[in-house]
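Q: Structure for this input, please:
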Amino acid sequence: MNGTETIDPLARVRQRLVEAACGYDFKRRAWRCPSCRRRSSLRVRELPDGAIAFHCAARLSGARGCETPGVLESLGLSWLDVGPAQFRRERVA
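A: Residues are numbered from 1 along each chain as shown. Take a look at the predicted model:
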């Protein structure tokens, strides 16, 4: 990138998941959660308002699991990086 292009939030999250060695399971369509490290427990999607949603299935199975703030912290991101478009801060790649 030339320093003036911005990375869209979903691409930024995916990039951070790869950097954190959170492999993607194509069969389950889920990532290894960077917070609880449960295999293929994290699903990530973009909502209609542009916000990024995280869902760790480990929470539902009685395991330690995690909440969105824990996932964000593990990835070095904040709510301002993944919130609705009107509240998101722009970062230059």
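Q: Which stretches in this structure count as strands?
A: For the chain, strands defined by DSSP state E occupy the ranges 24-25, 30-31, 42-46, 52-56.
Q: For residue 69, see how far away residue 35 is.
A: 9 Å (Cβ to Cβ, to the nearest Å). C-beta: built from backbone N, CA, C; applies to glycine.
Q: of those two, who's got more company?
A: residue 35 (24 against 12; other Cβ atoms under 10 Å).
Q: Could you identify the longest helix within this structure?
A: In the chain, taking DSSP state H as the definition, the longest helix is helix 9-19.
Q: Other residues contacting that one?
A: Outside helix 9-19, the residues that touch it by Cβ atoms under 8 Å, 6 or more residues apart in numbering are 7, 24, 31, 34, 42, 44-46, 50, 52, 75-77, 81-82, 88, 91.
Q: Give the buried residues for stretch 14-34.
A: Applying a neighbour-count criterion of 16 or more other Cβ atoms under 10 Å, one finds 14, 16-17, 20, 22, 30-34 buried in stretch 14-34.
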